[in-house]
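# Next input, structure requested:
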Amino acid sequence: MRLKRGLGVSVLALPVLTSVGCDYYYKLFDTSAAADSAAPASDSAAPTGAAPLGVDTVGWGCDEDSYWFEVYTTGLATDGWLYIYQTNSATPWDEDHPLDIHEADTAGDWSLLYLALDSVYPDYTAVVSGQSTLYPCSDDSPVHETLTFIIEVEDAHGADCVVWGHNPNGAPADECQRVVANQTEQLR
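Next comes the predicted model:
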């Protein structure tokens, strides 16, 4: 079950943005029921067998030139996607990006997916899925605060997803209903 969306473009909906130096944002949240959001330290942990797939921990951040996302799963993901929705616009620019499987536990207990995107604002024609995004991130133009994100991971048996950001209910209703409520934010 891959939730594939095409890039929809509306030049009129794009806000006027400027790129000015800023601190970067980093957000980390645990999506599991347990309070421990630490990722597995290494493959040397005692194998417990293949775990069912689920999004466990998501970290993301941005600066004025780029965004990055890391997703720890329980179980082994075979595929992953990031969907970005501009939920504050009547005619939004939406993006979808594949996540790379960066590491995987040999026992099948967890995997780490990663994605880095360069900001190509204001040239929407330069956006390439999996490589770049239209959205900048800066204190002077906090467009990142108007975005809603969905992470979806898959394996041969099913999928799991989480949604967070500006308006989780503003993302397409058929995509993901698992809203992250325990997000913490650090400004560095």
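# Pull up the distance across stretch 74-87, start to finish.
Start to finish, the residues bounding stretch 74-87 are 29 Å apart (CA to CA, to the nearest Å).
# Likewise for stretch 159-177?
Start and end residues of stretch 159-177 are separated by 13 Å (CA to CA).
# Check which residues of it are buried.
Taking 16 or more other CB atoms under 10 Å as the basis for neighbour counts, the residues of stretch 159-177 that come out buried are 159-166, 168, 170-171, 176. Where you see a C-beta, it was placed from the backbone N, CA and C, and this is true even at glycine.
# Name the helix or strand of the chain that has the lowest mean pLDDT.
Per-element confidence for the chain was summarised using mean pLDDT, DSSP states H and E. The lowest value among helices and strands belongs to strand 184-187, with a mean of 39.
# Show me where this structure dips below the pLDDT cut-off.
Low-confidence regions of the chain, defined here as pLDDT under 70, cover residues 1-49, 173-175, 181-188.
# which residues of it fall in strands?
Taking DSSP state E as the criterion, the chain contains strands spanning 25-30, 54-63, 66-74, 79-86, 95-98, 100-104, 110-119, 132-133, 147-155, 158-165, 184-187.
# Now do the contacts for L76.
Residues counted as contacts of L76 (CB atoms under 8 Å, 6 or more residues apart in numbering) are 50, 53, 104-105, 108, 110-111, 155.
# Swap in 10 Å and give it another go.
L76 makes contacts with 50-51, 53, 101, 104-111, 153, 155-156, as judged by CB atoms under 10 Å, 6 or more residues apart in numbering.
# Could you identify the buried members of these?
Neighbour counting with 16+ other CB under 10 Å marks 51, 53, 101, 104-105, 107-111, 153, 155 as buried within these.
# ok, so of these, who is nearest E145?
Each of the buried ones among the contacts of L76 was scored against E145 by CB to CB, and V153 proved nearest at 25.1 Å.
# so Y114 makes contact with L99?
Yes. Taking contact to mean CB atoms under 10 Å, the distance of 6.8 Å between Y114 and L99 places them in contact.
# neighbour count winner among these two?
Relative neighbour count places L99 above the other of Y114 and L99, with 21 against 15, counting by other CB atoms under 10 Å.
# In CSV: the strands of the chain, plus distance to A126.
Listed next are these as CSV, based on distance: least, CB to CB, whole Å:
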stretch, distance to A126
strand 25-30, 23
strand 54-63, 18
strand 66-74, 14
strand 79-86, 16
strand 95-98, 12
strand 100-104, 21
strand 110-119, 9
strand 132-133, 6
strand 147-155, 18
strand 158-165, 23
strand 184-187, 29
